[in-house]
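Engineer: Have a look at this prediction, sequence included:
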Amino acid sequence: MVAKLIDVAKKAGVSVTTVSRVINNHGYLSEKTKQNVFKAMKELNYQPNSLARSLHGKKMHLIGVIFPSITNPLFAQLIQEIENCLFAQGYKIILCNAGKDKEKEREYIKMLLANQVDGIIAGAHNLGIDEYRQLGLPIVSFDRRLSDNVPIVSCDNYQGIKLAVRDLIQAGCKNIYFLGNKQTKGNPTDDRLKAYLDTIKEANMESHICSVSFGDSPLLKNMTIHQMLADDHPDGVVCTDDLTAILLIQEAKKMDIDIPKDLKVIGFDGTDEIQTYHSELSTIAQPISEMAALLVKLLLERIDNPSKKLSQMHYKFPVKLIKSKTTA
């Protein structure tokens with residue numbers, strides 16, 4: 001049977017009001033009284049009602065975290081880092097896997113509001129979620145533009161792709177393709193396509209875009225990749241994520257295309273998982289731990305001081321090129 005407030009009061013030998021004051025740290029109470037109440041709570045495994053505490057103006061110490069996919073190595077590592085940072089600050093998370101379903105994301109936002117979360121960290125890919133502009137909650141965003149008053153944390157997407165394209169050019173590639181989403185949506189990741197086009201133009205080379213999107217299934221991506229390799233014969237490909245780069249490498253091997261002799265490949269993200277299990281892949285590595293720490297820092301600052309104006313709205317982290325066997 002679940003213990004109630006009155007059970008704690010009886011076991012501690014105090015009134016229900018005293019137990020409530022201990023839980024909410026309200027008013028003066030002797031150290032002996034506090035210890036008796038905490039001891040009774042522990043013995044009864046009593047969990048304070050968080051909603052009741054929120055009605056007294058107390059923080060819930062609960063953060064909503066919304067991302068498009070918890071299986072993607074980038075988001076999985078980022079979420080883990082965010083959770084670790086928040087837990088160290090006394091916060092817990094409610095994790096929402098929004099996928100590519102706009103209505104699902106809206107339902108999750110409603111659920112987070114119902115659970116009285118103190119703030120939200122969002123990195124979902126769905127567009128047209130007007131609720132973010134109307135929530136009235138502290139929000140920070142990873143790599144997505146949600147509204148004019150929501151700060152964004154991202155890597156330097158432009159510099160990352162620029163490094164990749166320049167490396168392929170220096171390696172002697174003449175027919176370099178961009179494998180990623182060609183649709184621009186006003187998000188920081190749009191800079192990846194812009195960087196490719198700008199860098200190719202600076203080198204007086206012809207641009208080639210093979211369009212695949214984040215939400216495409218591996219089978220659909222494989223079909224697109226196979227057609228690109230069979231028809232266009234690129235000698236260098238810069239991919240906008242590591243998983244797509246791995247699919248490209250696998251398809252090239254099936255077609256007896258020698259990597260890196262006949263085809264050089266560079267991915268993007270550089271997660272711990274990819275560097276461990278696919279160390280052959282050259283990639284642009286994002287500083288995931290540092291980005292997670294800043295997301296948490298900005299959110300907690302907004303929770304503690306909602307009216308404080310931020311010094312900037314877009315925080316960009318530098319990236320680095322990790323060279324390996326796919327470009328050697």
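Structural biologist: All right, it came through fine.

Engineer: So V140 sits against L295, correct?
Structural biologist: Yes. Taking Cβ atoms under 8 Å as the definition, V140 is a contact partner of L295 at 5.4 Å. In short, each C-beta sits where N, CA and C put it, glycine included.

Engineer: got any residues that touch both of those two?
Structural biologist: Contact criterion Cβ atoms under 8 Å, 6 or more residues apart in numbering; residues shared by V140 and L295: 121, 153.

Engineer: which residue ranges form the strands in the stretch 201-328 of the chain?
Structural biologist: 208-211, 236-239, 264-269, 282-285, 314-317, 320-322 (DSSP state E, counting those that start in this stretch).

Engineer: Dump the fourth one to CSV, keeping only the CA atoms.
Structural biologist: So the one you mean is strand 282-285. Output of strand 282-285 as CSV, limited to C-alpha atoms (Å, rounded to 0.1, in the frame of the first residue of the first chain):
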residue,chain,number,x,y,z
SER,A,282,36.4,10.0,-41.9
THR,A,283,34.0,12.4,-40.3
ILE,A,284,33.3,15.9,-39.0
ALA,A,285,33.0,15.6,-35.2
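
Engineer: Rounded mean pLDDT for it, please.
Structural biologist: In this model, strand 282-285 carries a mean pLDDT of 98.

Engineer: same deal with the second one?
Structural biologist: Averaged across strand 236-239, pLDDT comes to 98.

Engineer: Same check on the first one?
Structural biologist: Along strand 208-211, the predicted confidence averages to a pLDDT of 97.

Engineer: same deal with the fifth one?
Structural biologist: For strand 314-317, the mean per-residue pLDDT is 97.

Engineer: The host helix or strand of F87 to strand 264-269, inter-axis angle?
Structural biologist: Assigned by DSSP states H and E, F87 belongs to helix 73-88. Interaxial angle, helix 73-88 versus strand 264-269 (axes from the mean of the first three to the mean of the last three Cα atoms, to 10 degrees): 30 degrees.

Engineer: which parts of helix 73-88 are buried?
Structural biologist: By neighbour count with 16 or more other Cβ atoms under 10 Å, helix 73-88 contains the buried residues 73-79, 81-83, 85-86.

Engineer: Closest one of those to V150?
Structural biologist: V150 has its nearest neighbour among these in I82, at 16.1 Å by Cβ to Cβ.

Engineer: who touches that closest one in this structure?
Structural biologist: By Cβ under 8 Å, 6+ apart, the neighbours of I82 are 65, 93, 121, 292, 295-296.

Engineer: where does G64 fall, phi/psi-wise?
Structural biologist: With angles defined as degrees, to the nearest 10, G64 sits at phi -90, psi 130.

Engineer: wait, what's in contact with it?
Structural biologist: 93-94, 96, 108-109, 112, 115, 117, 119-121.
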